[in-house]
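>>> coordinates only, sequence not included:
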């Protein structure tokens, strides 16, 4: 019997990128205690909680409303370790409500609310007809695209990752050579800590499309997470062979080269990254690393520097 794989722990940078958090949204989540100081890890449940909190804020709830709803949710479910991850909360009629089955409660007061409106029932019925288990009466290629679109809509929401995995697998059952579906399925498996399966999916993406630079990059990221820096460097370089202006590949390759003591080689890729990205927070990180290598405490890149 194989040993259970350890639970994936995400960094603050990974959480920020996965959830596409703006600086303002990240500050709001810190005020709610959902984002913590740099260096602290985030487990899958923490990631879900951040995603739900961000979704409530994006739907128009204030930080105060989310805080009050969280306090009320704890009263509604006293055994829940993390209500935002374990309960379904959403904004409806300018307040935050908790859904349990077909029931709704005001998250702040616990007051029961009326059931779903008829429009919701009609929408659910239409969706069940469109996406039920009955074989669709459309050509297989169109069915694959439909499932791919559905999976893509889900894969950014940790609460729906399992559904997205199922949808991508449906795509691949229809079209085993769909490289983008293999790559995206690999990303989900990677995020969920299923590293062996993730590697298989990335390799299948490259087998289906030998110039899929995203799959090569993701194999580099996977091997970096596993501590195999030599393989990671090989795959990041492969991604750059396929797409020389792949900014994230330059960034990650520079970081790994720095970890293995190859500072000058790392500097080449920090400089190239800065050619491609001058304005994001990651550019500040790149400048800082480059400054350390070149002995400049301010981390400012010299004018005119580029590839060597």
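Nice, I can see it. Keep in mind that what you see is a predicted model, and the values were worked out from it rather than measured.
>>> Look up how far residue 262 lies from residue 238.
Noted for residue 238: a distance of 17 Å to residue 262, by CB to CB, to the nearest Å. C-betas here are computed from N, CA, C, even on glycine.
>>> Looking at the two, which one has more neighbours?
Remark: of residue 238 and residue 262, residue 238 carries more neighbours, 18 against 15, as counted by other CB atoms under 10 Å.
>>> State the helix or strand in which the more buried one lies.
helix 229-242 (DSSP states H and E).
>>> Show me what that helix is packed against.
Applying 3 or more CB pairs under 8 Å, 6 or more residues apart in numbering; DSSP states H and E, one finds that helix 229-242 makes contact with helix 213-225, helix 247-259.
>>> Of those, which is nearest residue 34?
Nearest to residue 34 among the helices and strands packed on helix 229-242 is helix 213-225 (23.5 Å), distances taken as CB to CB.
>>> before we move on, the earlier item: need the helices and strands packed on helix 229-242 in JSON lines (columns: distance to residue 234 and mean pLDDT).
Output for the helices and strands packed on helix 229-242, formatted as JSON lines (distance: least, CB to CB, whole Å; pLDDT from 0 to 100):
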{"stretch": "helix 213-225", "distance to residue 234": "8", "mean pLDDT": "94"}
{"stretch": "helix 247-259", "distance to residue 234": "10", "mean pLDDT": "94"}
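>>> Break the chain into its domains for me.
The chain is divided into the following domains under automatic domain parsing: 12-115, 139-294.
>>> per-stretch mean pLDDT over these, give me the minimum one.
Sorting the domains of the chain by mean pLDDT places domain 12-115 lowest, at a mean of 73.
>>> re the thing from before, let me have the helices and strands packed on helix 229-242 in CSV, adding distance to residue 178 as columns.
Output for the helices and strands packed on helix 229-242, formatted as CSV (distance: least, CB to CB, whole Å):
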stretch, distance to residue 178
helix 213-225, 12
helix 247-259, 23
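>>> Go through the ones you listed and name the closest to residue 28.
Nearest to residue 28, of these and by CB to CB, is helix 247-259 at 26.1 Å.
>>> which strands and helices sit next to that closest one?
Using 3+ CB pairs under 8 Å, 6+ apart, helix 247-259 is in contact with helix 213-225, helix 229-242, helix 263-276, helix 281-294.
>>> and for it, what are the contacting residues?
By CB atoms under 8 Å, 6 or more residues apart in numbering, the residues outside helix 247-259 that reach it are 213, 217, 220-221, 224, 229, 232-233, 236-237, 239-240, 243, 263, 265-270, 272-273, 276-277, 282, 286, 289, 293.
>>> just checking, residue 212 touches residue 206?
Yes: in this structure residue 212 lies within contact range of residue 206 using CB atoms under 8 Å: 5.5 Å.
>>> so who does residue 237 touch?
residue 253.
>>> My guess is residue 155 contacts residue 190. True?
No: applying CB under 8 Å, one finds residue 155 not in contact with residue 190, separated by 11.5 Å.
>>> Please enumerate the strands of the stretch 51-200 of the chain.
88-92, 95-100, 103-106, 112-113 (DSSP state E, counting those that start in this stretch).
>>> got the phi/psi numbers for residue 228?
Here is the backbone geometry of residue 228 (degrees, to the nearest 10): phi -90, psi 80.
>>> What separation is there between it and residue 206?
In terms of CB to CB, residue 228 sits 17 Å off from residue 206.
>>> if we can go back for a sec, please identify the most buried of the domains of the chain.
domain 139-294 (a mean of 19; mean count of other CB atoms under 10 Å).
>>> where along the stretch 101-250 of the chain do the helices fall?
118-131, 140-154, 161-174, 179-191, 195-208, 213-225, 229-242, 247-259 (DSSP state H, counting those that start in this stretch).
>>> any chance of these in TSV, with distance to residue 33 too?
TSV is the format used below for the helices of the stretch 101-250 of the chain (distance: least, CB to CB, whole Å):
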stretch	distance to residue 33
helix 118-131	32
helix 140-154	27
helix 161-174	24
helix 179-191	23
helix 195-208	30
helix 213-225	27
helix 229-242	34
helix 247-259	29
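>>> and of these, who's closest to residue 70?
Here helix 161-174 is closest among the helices of the stretch 101-250 of the chain (CB to CB), at 22.7 Å.
>>> just to revisit the earlier point, quick one, which of the helices and strands packed on helix 229-242 gets closest to residue 182.
helix 213-225 (7.3 Å).
>>> Many thanks, I have nothing further to ask.
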